[in-house]
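Q: generate coordinates for the sequence data below:
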Amino acid sequence: MLWGIALGLWILAPAVIDTHHLHPEAPSQWVVLLGALTVIFAIVGAVLGFISGFGLSVVESLAGGTFHARTWAYALFTGIAVVVLYAADSFTIHWLTYGSFNFEPLVYRSVIVFGLSSVIALVVLMVLYRAISKRTAQPPPVILARVLTAVAASGALALVLPSSAASPSPVVVDSLERLPAAAEDVPLVLIALDGGSWRLLGPALEKGAAPTLRHLVERGMSGTVNALWPPYWSGAAWAAIVTGLPRETTGVYEDLAASAPGLPLFQAPLRSALHLNPLFSIRSMLVARGIVSLTPPPRALLRAKPIWQLLHEAGVQTAVVRHRFTYPPGGQADIVVSDWVGQDQWERLRVRRRPMVAPVTPEDKADHLLAPFRPSGPSDPGLFTRLLPGPRPHKPADVPLDPIRELEIASDIDDRTFDVSESIIRSYPKLPFLAVYIGGLDSVQHAFWQYRFPNDFPGASPAQSDIDRLGRVPDEYVRYFDERLGRLLALYTREPDVLIVSDHGFGPTTIPSSWRGWHAQEGAFIAAGPSIPHSTKSVAVSYYDVVPTIARLKGFREPDVVHGRALVPDISRD
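A: Numbering: from 1, shown residues only. A predicted model of the protein is given here:
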């Protein structure tokens, strides 16, 4: 137990705190955090130490029956055995999760460093043991217990002391400044198309399968969004896009938020990490038992105001539908349908939505806004068969998860999202600003990429029958998205400006993943409308350009602190 606590608090605890972005502020929160980590490390150390005892007993018998300094032998070598067994457990978890030992290059280097460090530690322990065993009067083993206790205490102190230094408050946009003579207000629609990739959208435009998008591109401008921070998690990307600020300022690094009694809000990394895999498994157990709760990222996680809140506070009538950071919805916009509404692909990771307040605003329109999300069957019973005609296929053999189920979930939540967005515009056909998040295309590309682009996987392409049957699904999904977008825009009584922004592109998997499609650097960007000039030149877009572009289109000065620039010319009148 003491080995587990000492090694855990010094080696693993800093990584746990860093990867989960845990920032205790009150002494009570530190007490809870250190207490929880100590218990976890003690249990891990005890279990692995108990197992290692069997191995040491075998070594003891092979060495002649009994170690000369038996208690010291078990006490010392249990430490290195715990480390080796922990590493073996981590590799086993990785294999069971992904079915392979494929790692990123940095991981291979870490494994080599770990191996060399373990050999050095073993040599040091052997030298220490030999020195103790040769002594006539052997020191009492309680000395080791005291040393490990001191090491654990110093590890805890090393965690707490750096946090006592006050960190400067991030510089954020607090309000928008209206231009003295802005152009006539044109409605603006922001479509957040998660995972929009030109590799998929481009052929659809060329073949005429996406007439709405093609019309927008031909009348406006288009280009690529340069995604940041590989492997391009969406949470950090959307936080930067809707605030114009980097993740160091927004404080958002991961896709999910987490909470536990006595701890501040933190984030749940989804990426495999060999040094933390066993602890991630323990976290999953705590989630399953309701001790830790995973949720979509709430508004409190974002340390800056999103553009819809800035516009709302500046007097612009706004509506936002299922964007991240929209719960609780109060004060963010005139109409909010938060992402705590509906069921999506996160449920399979035990993400739970238990709203403490109404997940929409205004509350007196909750029945109307929540109507499309009532769980009375699919939003459109015929949509799934249009996307994937014929009898429902069995799960393909090349992936551990079921892409067919993923298509059902993605299409259903997107359809409900479009339904409520259309309902809002029917009620407010001149709504100045509408922001809608569409996440289904990202899910579909994760699940179906290898069937659409089998040449991305030389030597490991899926079965030809799956390619023939499932390869059309991503294209059909683009067709579906295009149709629903066209229906939404047609409801406006005046032609709106339209911004379509992706957080990243798509390509073959580059990290250990349950899917074979993964995020790529170049996402799609399209802008068109009365206020947006036509350009045939591809535009290079950063995350930080969206907020100043929206501010300019809505007649406000570009915020000084954001890192981007407006993509449209100044449309104010002198």
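Q: please identify the helix or strand for the nearest residue to Pro14 once chain neighbours are set aside.
A: Distances taken as CB to CB, 6 or more residues apart in numbering put Leu159 closest to Pro14, at 6.7 Å, once the chain neighbours are dropped. In this view, the C-beta of every residue, glycine as well, is placed from N, C-alpha and C. Element membership of Leu159, judged by DSSP states H and E, is helix 142-163.
Q: what's whichever helix or strand comes after that helix packed up against?
A: Next in sequence after helix 142-163, counting helices and strands by DSSP H and E, comes strand 188-193. Judged by 3 or more CB pairs under 8 Å, 6 or more residues apart in numbering; DSSP states H and E, the packing partners of strand 188-193 are strand 433-438, helix 473-490, strand 497-501, helix 546-553.
Q: report the backbone C-alpha coordinates of the first one in PDB.
A: To tie it back to what came earlier, the one meant is strand 433-438. Extracted C-alpha coordinates of strand 433-438, given in PDB (Å, rounded to 0.1, in the frame of the first residue of the first chain):
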ATOM      1  CA  PHE A 433     -28.700  35.600 -35.400                       C
ATOM      2  CA  LEU A 434     -29.100  31.800 -35.300                       C
ATOM      3  CA  ALA A 435     -26.300  29.400 -34.300                       C
ATOM      4  CA  VAL A 436     -26.900  25.600 -34.900                       C
ATOM      5  CA  TYR A 437     -24.600  22.800 -34.100                       C
ATOM      6  CA  ILE A 438     -24.700  19.700 -36.400                       C
END
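Q: helices or strands up against it?
A: strand 188-193, helix 307-313, strand 318-321, helix 403-427.
Q: ok, back up a step: out of the helices and strands packed on strand 188-193, deepest packed?
A: Greatest average neighbour count among those goes to helix 546-553 (a mean of 26), per mean count of other CB atoms under 10 Å.
Q: break the chain down into its domains, please.
A: Annotated domains of the chain cover 2-163, 188-251+306-538 [automatic domain parsing].
Q: which stretches of the stretch 201-350 of the chain form helices?
A: 211-219, 234-243, 247-250, 277-288, 307-313 (DSSP state H, counting those that start in this stretch).
Q: out of those, nearest to Glu406?
A: Evaluated over these, closeness to Glu406 peaks at helix 234-243, with 15.7 Å, by CB to CB.
Q: from the chain's centroid, how far away is the lowest-mean-pLDDT helix or strand in the chain?
A: Using mean pLDDT, DSSP states H and E, the weakest-scoring helix or strand in the chain turns out to be helix 105-133, at a mean of 80. In terms of CA atoms, centre = their mean, to the nearest Å, the centre of helix 105-133 is set 35 Å apart from its chain centre.
Q: find the centremost residue of the chain, please.
A: The centre of the chain sits closest to Asp255, judged by CA atoms, centre = their mean, with a distance of 2.1 Å.
Q: skipping its backbone neighbours, what lies nearest that one in space?
A: Gly235 (4.2 Å).
Q: what of Pro329?
A: The shortest distance from Pro329 to any non-neighbouring residue, by CB to CB, 6+ apart, is to Val336 (3.4 Å).
Q: thought that neighbour was touching Phe325?
A: No - using CB atoms under 8 Å as the test, Val336 is too far from Phe325 to be in contact (10.6 Å).
Q: quick one, which of the two is more surrounded?
A: Val336 (31 against 28; other CB atoms under 10 Å).
Q: who's in contact with the more buried one?
A: Applying CB atoms under 8 Å, 6 or more residues apart in numbering to Val336 gives the contacts Ala319, Val320, Thr326, Pro329, Val360, Thr361.
Q: tell me the pLDDT at the residue in the chain sticking out farthest from the centre?
A: In terms of distance from the mean C-alpha position of the chain, Thr136 ranks first, at 59.1 Å (CA atoms, centre = their mean). Per-residue confidence (pLDDT) for Thr136: 77.
Q: contact partners for Ser421?
A: Val321, Leu434, Val436, Leu488.
Q: hang on, the second one packs against Ala319?
A: Yes - between Leu434 and Ala319 there is a contact under CB under 8 Å: 5.0 Å.
Q: quick check: neighbours shared by the two?
A: In contact with both Leu434 and Ala319: Ile424, using CB under 8 Å, 6+ apart.
Q: so, low pLDDT: which residues of the stretch 151-300 of the chain?
A: In the predicted model of the stretch 151-300 of the chain, residues 163-168, 181-184 satisfy pLDDT under 70.
Q: how far away is the residue nearest to Pro329 from Tyr437?
A: As for Val336, its distance to Tyr437 is 12 Å (criterion: CB to CB, to the nearest Å).
Q: just to revisit the earlier point, correct me, but the residue nearest to the centre of the chain touches Trp238?
A: No - using CB under 8 Å, Asp255 is not in contact with Trp238, being 9.4 Å away.
Q: any weak-confidence spans in the stretch 451-574 of the chain?
A: The stretch 451-574 of the chain contains residues with pLDDT under 70 at 571-574.
Q: what are the boundaries of the strands in it?
A: In the stretch 451-574 of the chain, the strands defined using DSSP state E, counting those that start in this stretch lie at 497-501, 505-508, 517-520, 522-528, 539-541.
Q: contacts made by the longest one with the rest, please.
A: The list of residues contacting strand 522-528 from outside it, by CB under 8 Å, 6+ apart, reads 193, 195-198, 201, 213, 215-217, 219-227, 497-505, 539, 541, 549, 567-568.
Q: with the second one instead?
A: When contacts are defined by CB under 8 Å, 6+ apart, strand 505-508 is touched by residues 195-200, 224-225, 227, 442, 445, 449-450, 453, 456-457, 516-524.
Q: ok, back up a step: among the contacts of strand 522-528, the buried ones, what's the PyMOL command?
A: Per 16 or more other CB atoms under 10 Å, the buried members of the contacts of strand 522-528 correspond to this PyMOL selection:
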select buried, resi 193+195+196+197+198+201+213+216+217+219+220+221+222+223+224+225+226+227+497+498+499+500+501+502+503+504+505+539+541+549+567+568
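Q: returning to that earlier point: out of the contacts of Val336, who's the most crowded?
A: Ranked by the number of neighbours (other CB under 10 Å), these place Val320 first, at 33 neighbours.
Q: now that residue, which residues is it bridged with?
A: With DSSP bridges as the criterion, Val320 is bridged to Val336, Ala435.
Q: surely it is in contact with Val420?
A: No - counting by CB under 8 Å, Val320 stays clear of Val420, with 11.2 Å between them.
Q: circling back: quick check on the residue farthest from the centre of the chain: phi, psi?
A: Per-residue torsions, Thr136: phi -70, psi -50 (degrees, to the nearest 10).
Q: ok, now Gly471?
A: Dihedral pair for Gly471: phi -60, psi -20, per degrees, to the nearest 10.
Q: now do the contacts for the closest residue to it other than its chain neighbours.
A: Closest residue to Gly471 in three dimensions, ignoring its sequence neighbours and counting by CB to CB, 6+ apart: Tyr451, at 4.2 Å. Applying CB under 8 Å, 6+ apart, we find Tyr451 in contact with Pro396, Pro462, Asp466, Ile467, Arg469, Leu470, Gly471, Val473.
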